[in-house]
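Undergrad: Sequence first, then the predicted structure, then my questions.
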Amino acid sequence: MRSPVSPSNHVTAPSPLAMADGRPAAAAWSLSSKITHLNHGSYGAVPLTAQAQQSILRRQMEASPGEWFPALPEKIAATREEVAGFLRVCSADLAFVPNASGGASVVYTSLPVQAGGDVLVTDHGYGAVTMGAERLAHRWRGSLRTAHVPLDADADTAYEAVISEVNESTGLIVIDHITSATARWMPVERIAAEGRRRGIPILVDGAHVPGLAEEPVKGVDCDFWIGNLHKFACAPRGAAVLVAGSRLRDELFPLIDSWGAKHPFPQRFDSQGTCDATSYLAAPAAFAFIEDTWGWTTARTYMRQLADYAEQTVATALSEATGEDCRTDVGMPVSALRLVRVPAPLAATHDEADALRDRVARELNVAAAFTSFEGQGYLRLSTHVYNTAADFEYFAERCVPVLKAWARAASNGDQS
């Protein structure tokens with residue numbers, strides 16, 4: 001288990017990445033310079049080169065829809081090969097979906113009915129995916145079971161917490177690869193292996209993993225794996241994958257019935273009527289830009305080193321401002337996502353965390369993610385190649401005092 005970064009093990013800020021012509025990395029994006037962008041993990045950010053490629057594709061589509069759409073399945077099939085290569089998976093196991101939640105919905109609507117079957121999730125699960133799991137359990141006339149995994153749980157503790165909730169009624173296990181609200185890995189390899197041994201289907205929500213892991217699905221013997229390409233891999237939004245390697249993939253159908261329905265998986269997902277598929281087709285341009293400019297290994301190393309520095313800088317500032325230790329041990333930390341505790345009563349619930357996010361954006365011109373877990377509010381820090389140490393130093397110097405003031409006001413009953 002890794003302890004949170006603390007002043008006693010001082011971390012040095014990495015040198016900012018630059019373009020080949022010397023311009024800062026941020027010049028390759030269209031992000032507003034009036035906003036401090038600290039929330040890549042939620043919505044991603046698309047490089048200008050990928051934006052340009054998508055625009056070219058859209059112009060082709062609009063110039064001759066009658067030619068574009070009949071030829072689209074072939075284009076998507078070719079792009080599946082490229083994306084599968086980037087993710088190091090077999091292209092025959094990969095289908096495109098609009099986002100990870102959409103991939104989960106495909107699984108929920110396609111799985112054969114298991115009368116009385118329970119669906120097992122954890123208390124770290126992404127809200128939309130968990131709500132879908134609850135509806136599935138209701139349709140099965142079963143129950144939604146929730147495994148409690150302590151925030152600071154190491155791999156062994158997290159594994160035992162999940163498996164201890166499995167019983168003879170468990171019909172599906174839904175487990176995050178990286179958790180959204182709590183920014184930690186889960187031991188999905190071991191959980192998937194145990195599910196396979198017991199004959200229980202496993203859905204792994206890997207929404208944040210593409211771009212952060214060189215081989216995202218390596219060692220994860222699950223039935224279904226979903227991942228967003230628009231987050232750390234920087235593809236245009238509306239691009240995600242559903243990877244299905246077991247026999248259950250033959251049960252999977254797109255959410256939209258189209259003329260491709262007669263085809264096998266994954267080809268049946270290549271035909272979705274008149275949906276705009278340019279986000280899928282432009283995704284490889286984003287991957288190639290990062291690789292050609294810095295290399296993905298360098299990019300991942302930079303994101304991790306900057307996250308170390310960001311965590312230390314912001315946690316130290318909050319701790320000094322509040323007199324409390326705001327460092328957070330998440331047990332299995334993520335390279336480019338970190339969690340720092342914010343002073344109570346800020347962000348104590350999901351709705352309050354979203355409200356704080358909006359207020360910080362509106363009043364402080366900072367795009368940041370706030371989350372909650374077990375009644376405690378957190379700031380979830382994200383890093384990418386366009387971020388620099390100065391972004392997080394600015395937050396520590398200018399925003400932390402404001403958060404302290406807002407927390408004091410909220411404690412005194414002043415919600416203004």
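TA: That came through, no problem. What you see is a predicted model; the values in this text were computed from it and never measured.
Undergrad: Show me the shaky parts of this structure.
TA: For the chain, the stretches flagged by pLDDT under 70 are 1-9, 415-416.
Undergrad: all strands for the protein, in order.
TA: Using DSSP state E, the strands of the chain run over 36-37, 94-97, 118-122, 144-147, 170-176, 202-205, 224-228, 240-243, 337-341, 366-367, 369-373, 376-382.
Undergrad: Can you tell me which of those is nearest to G331?
TA: G331 lies closest to strand 337-341 among those, at 10.7 Å (Cβ to Cβ). (Each C-beta comes from the backbone N, C-alpha and C, glycine too.)
Undergrad: Break the chain down into its domains, please.
TA: As given by automatic domain parsing, the domain ranges for the chain are 7-30+295-411, 50-289.
Undergrad: export these to TSV and tack on mean neighbour count and distance to S42?
TA: Listed next are the domains of the chain as TSV, based on neighbours: other Cβ atoms under 10 Å; distance: least, Cβ to Cβ, whole Å:
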stretch	mean neighbour count	distance to S42
domain 7-30+295-411	19	5
domain 50-289	20	8
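Undergrad: closest to G41 out of the ones you listed?
TA: Across those, closest to G41 is domain 7-30+295-411 (Cβ to Cβ), at 3.8 Å.
Undergrad: re the thing from before, out of the strands of the chain, the one nearest H350 is which?
TA: strand 369-373 (5.7 Å).
Undergrad: contacting residues around the closest one?
TA: For strand 369-373, contacts defined as Cβ atoms under 8 Å, 6 or more residues apart in numbering pick out 38-39, 41-42, 123-124, 151, 180-182, 339, 342, 346-350, 352-354, 356-357, 360, 377-380, 382.
Undergrad: Using JSON lines, please lay out the strands of the chain together with distance to A26.
TA: Listed next are these as JSON lines, based on distance: least, Cβ to Cβ, whole Å:
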{"stretch": "strand 36-37", "distance to A26": "9"}
{"stretch": "strand 94-97", "distance to A26": "29"}
{"stretch": "strand 118-122", "distance to A26": "36"}
{"stretch": "strand 144-147", "distance to A26": "40"}
{"stretch": "strand 170-176", "distance to A26": "30"}
{"stretch": "strand 202-205", "distance to A26": "30"}
{"stretch": "strand 224-228", "distance to A26": "22"}
{"stretch": "strand 240-243", "distance to A26": "25"}
{"stretch": "strand 337-341", "distance to A26": "20"}
{"stretch": "strand 366-367", "distance to A26": "13"}
{"stretch": "strand 369-373", "distance to A26": "19"}
{"stretch": "strand 376-382", "distance to A26": "14"}
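Undergrad: between those, which gets nearest to S64?
TA: Across those, closest to S64 is strand 94-97 (Cβ to Cβ), at 22.5 Å.
Undergrad: Who does the closest one pair with, and is each partner parallel or antiparallel?
TA: strand 240-243 (antiparallel) (DSSP bridges).
Undergrad: CA atoms only: put the strand it pairs with into CSV for me.
TA: The C-alpha atoms that make up strand 240-243 are tabulated as CSV, following Å, rounded to 0.1, in the frame of the first residue of the first chain:
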residue,chain,number,x,y,z
ALA,A,240,-15.7,4.2,-26.4
VAL,A,241,-15.2,0.5,-26.8
LEU,A,242,-16.8,-2.7,-25.6
VAL,A,243,-14.4,-5.6,-25.5
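Undergrad: How far does that strand sit from its chain's centre?
TA: 13 Å (Cα atoms, centre = their mean, to the nearest Å).
Undergrad: mind listing the helices for the stretch 101-250 of the chain?
TA: Remark: helices assigned in the stretch 101-250 of the chain by DSSP state H, counting those that start in this stretch are 127-139, 155-163, 188-198.
Undergrad: any idea how far the residue positioned nearest the centre of the chain is from E189?
TA: The centroid of the chain falls nearest to H208 when counting by Cα atoms, centre = their mean (2.5 Å). H208 is 17 Å from E189, where distance means Cβ to Cβ, to the nearest Å.
Undergrad: before we move on, what about T328?
TA: Using Cβ to Cβ, one gets 24 Å for the distance from T328 to E189.
Undergrad: Now do the phi/psi pair for P216.
TA: phi -60, psi -30 (degrees, to the nearest 10).
Undergrad: Excluding chain neighbours, give the residue nearest to A155 in space.
TA: In space, A155 comes closest to P187 once its chain neighbours are excluded; the distance is 4.2 Å by Cβ to Cβ, 6 or more residues apart in numbering.
Undergrad: Look up how far E194 lies from the one you found.
TA: Applying Cβ to Cβ, the value for P187 to E194 is 10 Å.
Undergrad: Which neighbours do those two have in common?
TA: Y159.
Undergrad: Let's see the distance spanning stretch 212-228 from one end to the other.
TA: 11 Å (Cα to Cα, to the nearest Å).
Undergrad: Off-centre distance for it?
TA: 12 Å.
Undergrad: any idea how far Y126 is from the residue nearest to the residue nearest to the centre of the chain when sequence neighbours are not counted?
TA: Leaving out its chain neighbours, the residue that sits closest to H208 by Cβ to Cβ, 6+ apart is I178, at 4.2 Å. The gap separating I178 from Y126 is 10 Å, by Cβ to Cβ.
Undergrad: Find the residues that touch each one of these two.
TA: With Cβ under 8 Å, 6+ apart, I178 and Y126 have common neighbours A207.
Undergrad: chain center to stretch 70-83: distance?
TA: With Cα atoms, centre = their mean, you get 24 Å for stretch 70-83.
Undergrad: Can you show me the CA trace of it as PDB?
TA: Only the C-alpha atoms of stretch 70-83 are listed here, as PDB (Å, rounded to 0.1, in the frame of the first residue of the first chain):
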ATOM      1  CA  PRO A  70     -23.300   2.800 -47.200                       C
ATOM      2  CA  ALA A  71     -19.500   2.800 -47.000                       C
ATOM      3  CA  LEU A  72     -19.400   3.600 -43.300                       C
ATOM      4  CA  PRO A  73     -19.400   0.000 -41.900                       C
ATOM      5  CA  GLU A  74     -16.200  -0.700 -43.900                       C
ATOM      6  CA  LYS A  75     -14.600   2.400 -42.500                       C
ATOM      7  CA  ILE A  76     -15.500   1.500 -39.000                       C
ATOM      8  CA  ALA A  77     -14.200  -2.000 -39.400                       C
ATOM      9  CA  ALA A  78     -10.800  -0.600 -40.500                       C
ATOM     10  CA  THR A  79     -10.800   1.800 -37.600                       C
ATOM     11  CA  ARG A  80     -11.600  -1.100 -35.200                       C
ATOM     12  CA  GLU A  81      -8.300  -2.700 -36.300                       C
ATOM     13  CA  GLU A  82      -6.400   0.500 -35.400                       C
ATOM     14  CA  VAL A  83      -8.000   1.000 -32.100                       C
END
